[in-house]
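Asks: Sharing a model that was predicted from the sequence below.
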Amino acid sequence: MRNEILSNLNSPGQLEKLYRTNKPGFRTAFDTLYPQLRGNPLAEGWYQRLNYVQEEAFWGTPGERVFVIAASLLAALLAQLPKILSLNEAFFYTRNVGFIVLPLLIAYFARKNRISRKTAAWLAGGILFAIIFTNALPHNALSRSHPADTLVLACIHVPLWLWSLLGFTFGGGKPDDGINWLGFLRYNGELAVVIALLLIAGGLTTALTINLFRLSGWQIETFYFNYVVISGLAAVPVIATFLTQTQPVLVNKVAPVIASLFSPVALVMLVVYLAATLFSGKDPYHDRDFLLIFNALLVGVMALIFFSVSENTPAGRNPAQLLILFLLSAVTVVVNGIALSAVLFRITEWGITPNRAAVLGANGLMLVHLLYLGIRLFGAMTRQTDLALVGRSMAFFLPVYSAWSAIVAFGFPLLFGFK
């Protein structure tokens, strides 16, 4: 190995090939040769490369760590408010689950990005208005056992609207400079990976703790789930966000691999599902539950497409992956078209309702978005357009979704008379 290094000292390509063929042997041979190679620019570069010591893991500034600890404790406290104040748990959690964590994440990025006081006041005012509005909505004037449709829609769409405020804050809170929506989508994918890891670790800890106490004759299941688990679940997104920002190496290689693996699986599953639907005898036109499943599937596949595109970079363009994403978007357009036609059929047959109006608007937006995204993917696949345009086309619609979620959450209750 020593002779090969000396003979190829002026050939960077050959040295790299030798290194990749036998890294330990190359390192040992180079270390013995280095004293006689001092002063050679290429040798000095290889010495720095082989003897680079990874810096100690950075865990944020002291102020950031204090903020994360305080935010985690506050999230745990908010999750326990029904028990502390003797509130109705169903009432509290259905209306306020989004307010337990998302405002704290907004505050985290507001602090991190040092947004202006004016923007911070606007965000705080919007969140406060959403809290008051959501909790003031009537349950149902006609039936106490079934909540009003507009209430259910508001409880679903207010967290989505808060999520868009999080994206605004994540991007720096300066619309004039452009919001990094693509980076925000990438953050969401990485956040999902870290949350999953923390939940797995938490689940194992829970099982171990409960069984250890059970061996000692203590039955702590109820107490543990009511206080420790619920508090921990509330704090997990805050801790996971801190990890994604301070330890990006934890997920910046895992997330793209997950996206690459699940994209072809989702494509096959979606095609098989559509084929099975044709022979099952069920259809979303007359079966409401089937239509709901159809739309849930649609949202899940779209999320996978968005995450996969956000993890594809022009430098690492993979033609096979682009083809899979294009086919996945094309099949999803078919699914969306079926769902949209089913909603229109139900409106024509049985009239407009808050649920049908909300689903109609969402399906319409997603269909336009998927068509636009598919065109961009096809252009990137055939190298007629840059892959960066795919990301921009995906991020372009996020403010539109934010506006629609605000309309459904705050406008539909008034428009449909809180029914």
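Replies: Here it is on my side, so go on.
Asks: tell me, how many neighbours does the residue lying closest to Thr169 once chain neighbours are set aside end up with?
Replies: The shortest distance from Thr169 to any non-neighbouring residue, by Cβ to Cβ, 6 or more residues apart in numbering, is to Phe109 (4.4 Å). Heads up, the C-betas are built off the backbone N, CA and C, glycines and all. Applying other Cβ atoms under 10 Å, we find 21 residues neighbouring Phe109.
Asks: give me the element Phe109 is part of.
Replies: Element membership of Phe109, judged by DSSP states H and E, is helix 89-113.
Asks: any idea which helix is longest in this structure?
Replies: Longest helix of the chain, by residue count under DSSP state H: helix 181-215.
Asks: So what touches stretch 224-236?
Replies: Residues from elsewhere that reach stretch 224-236 (Cβ atoms under 8 Å, 6 or more residues apart in numbering): 72-73, 75-76, 78-80, 83, 100-101, 195, 198-199, 202, 206, 209-210.
Asks: Please read the previous query as pertaining to stretch 249-264.
Replies: Contact partners of stretch 249-264, identified using Cβ under 8 Å, 6+ apart, comprise 186, 189-190, 193-194, 243-244, 304-305, 307-308, 311-312, 318, 321, 324-325, 328.
Asks: Just the buried residues of those residues.
Replies: Among the contacts of stretch 249-264, the ones that count as buried by 16 or more other Cβ atoms under 10 Å are 186, 189-190, 193-194, 243-244, 304-305, 307-308, 311-312, 321, 324-325, 328.
Asks: which SS state does Tyr273 fall under?
Replies: helix (DSSP: H, G, I helix; E, B strand; the rest coil).
Asks: Can you name the residues that contact the closest residue in space to it that isn't next to it in sequence?
Replies: Among residues not flanking Tyr273 along the chain, Leu297 sits closest, at 7.2 Å (Cβ to Cβ, 6+ apart). Residues near Leu297 by Cβ under 8 Å, 6+ apart: Leu270, Tyr273, Val335.
Asks: where along the stretch 151-300 of the chain do the helices fall?
Replies: Along the stretch 151-300 of the chain, the segments classed as helices by DSSP state H, counting those that start in this stretch run 181-215, 221-223, 230-246, 254-280, 288-311.
Asks: Which elements pack onto the second one?
Replies: Contact here means 3 or more Cβ pairs under 8 Å, 6 or more residues apart in numbering; DSSP states H and E; on that basis helix 221-223 packs against no helix or strand.
Asks: And for that helix, what's in contact with it?
Replies: For helix 221-223, the surrounding residues in contact (Cβ under 8 Å, 6+ apart) are Ile210.
Asks: How far does that helix sit from its chain's centre?
Replies: 31 Å (Cα atoms, centre = their mean, to the nearest Å).
Asks: now swap in the last one and tell me
Replies: Using Cα atoms, centre = their mean, we find the averaged C-alpha position of helix 288-311 to lie 13 Å away from the chain's own average C-alpha position.
Asks: any idea what Val390 is structurally, helix, strand or coil?
Replies: For Val390, the assignment made with three-state DSSP gives helix.
Asks: Could I get the contacts of Leu297 in CSV, plus columns for neighbour count and pLDDT?
Replies: Output for the contacts of Leu297, formatted as CSV (neighbours: other Cβ atoms under 10 Å; pLDDT from 0 to 100):
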residue, neighbour count, pLDDT
Leu270, 20, 83
Tyr273, 15, 79
Val335, 24, 84
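Asks: Go through the residues you listed and say which is closest to Gly172.
Replies: Closest approach between the contacts of Leu297 and Gly172, by Cβ to Cβ: Val335, at 35.3 Å.
Asks: for the closest one, what are its contacts?
Replies: Here Val335 is in contact with Leu270, Leu274, Phe294, Leu297, Leu298, Val301 (criterion: Cβ under 8 Å, 6+ apart).
Asks: The fifth one: neighbour count?
Replies: If you count neighbours by other Cβ under 10 Å, Leu298 ends up with 22.
Asks: quick one on the thing from earlier: JSON lines for the helices of the stretch 151-300 of the chain, including distance to Arg346?
Replies: Shown next, in JSON lines, are those (distance: least, Cβ to Cβ, whole Å):
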{"stretch": "helix 181-215", "distance to Arg346": "32"}
{"stretch": "helix 221-223", "distance to Arg346": "43"}
{"stretch": "helix 230-246", "distance to Arg346": "36"}
{"stretch": "helix 254-280", "distance to Arg346": "17"}
{"stretch": "helix 288-311", "distance to Arg346": "8"}
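Asks: quick one, which of the ones you listed is nearest to Ala339?
Replies: helix 288-311 (5.0 Å).
Asks: pLDDT of the closest one, averaged?
Replies: For helix 288-311, mean pLDDT rounds to 76.
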